[in-house]
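**Student:** Coordinates for the following, if possible.
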Amino acid sequence: MRFDDYLRRIGQPLSDGATADTLRRLHVAHREAFLFENVSIQTGGAISLTLGDLERKFLDEGRGGYCFEHNTLFAAVLGDAGFESTTLLGRVRRGPPERWARTHMVLRVPAGGETWLADVGFGSMGLIEPIPLRDGTVSEQSGLTYRLRRDAHLWILAMRDATGVEIDLYEFSDDPQTHGDVEVANHFTATHPESVFRKTLTIQRTGPTERTLLRTDLLTRYRGGRASDEQVTRGRLRDVVRDEFGIDLPAGPLLFERTP
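**Tutor:** The predicted structure is shown next:
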């Protein structure tokens, strides 16, 4: 891959080899450099996981993407940095359990005598740093506390905010997934009419002190683990997206705007 271009884009030189600290620095820098967004889906475009297409989108166009794009690109980065990674698929714990599906991608990465959960693709509520893949791991990151637990054959990642409210984010298992598995999950998530990414515009940014999330008509800021919400009217949406995230949305209707 265009490894040097990637390092320049994230502003992170590489000098220490495939160490746990290198993994952490790459993970944090990726999270802060790239948006989590589904604009391509909302404009009716396809989501390509070909490395050259991801490089053009992330490195040349200054864009971002969703989990399959982020973590596919990050896996290639890790490979060039000397790491081995294994692709795992997970289920986001949102909505009724019978509707949960393997529509999230994470990475398992050994480094420094430890095995890590790396995930740069869950949006602003997700991990900023990788965490040890161990039952009972707890990690406080930018005001939010993450807890990883084992339940039979599943790993479950939960998040607690500064008010003490804790929710399960997603579950995943240890069985490695192929690129074909990821392509199938990506196709469903990007094109199925019931996919949340077809029904909702989302653009999210993770910074050193603030996490900013837009979900259609709600702009949420997390500072110190506490959320503040601002309603965004349809007439202000494109101005808010440009001012907050540096993206110019098309004038024509997005997919969510065409839904009755």
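
**Student:** Strands of this structure, start to end?
**Tutor:** Remark: strands assigned in the chain by DSSP state E are 36-37, 86-92, 102-111, 114-118, 131-132, 138-141, 144-151, 154-160, 166-172, 202-206, 211-215, 218-223, 226-231.

**Student:** how about these in TSV, adding mean neighbour count and mean pLDDT?
**Tutor:** All C-beta spots, glycine's among them, are computed from the backbone N, C-alpha and C. Shown next, in TSV, are those (neighbours: other CB atoms under 10 Å; pLDDT from 0 to 100):
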stretch	mean neighbour count	mean pLDDT
strand 36-37	24	98
strand 86-92	20	98
strand 102-111	23	98
strand 114-118	20	98
strand 131-132	18	98
strand 138-141	14	97
strand 144-151	16	97
strand 154-160	18	98
strand 166-172	17	98
strand 202-206	23	97
strand 211-215	20	97
strand 218-223	16	96
strand 226-231	11	96
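
**Student:** could you dump these to TSV with distance to residue 53?
**Tutor:** Converted to TSV, the strands of the chain look like this (distance: least, CB to CB, whole Å):
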stretch	distance to residue 53
strand 36-37	16
strand 86-92	18
strand 102-111	16
strand 114-118	22
strand 131-132	30
strand 138-141	30
strand 144-151	31
strand 154-160	28
strand 166-172	25
strand 202-206	20
strand 211-215	24
strand 218-223	29
strand 226-231	34
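
**Student:** Tell me, how many residues neighbour residue 40?
**Tutor:** Neighbours of residue 40 under the rule other CB atoms under 10 Å: 19.
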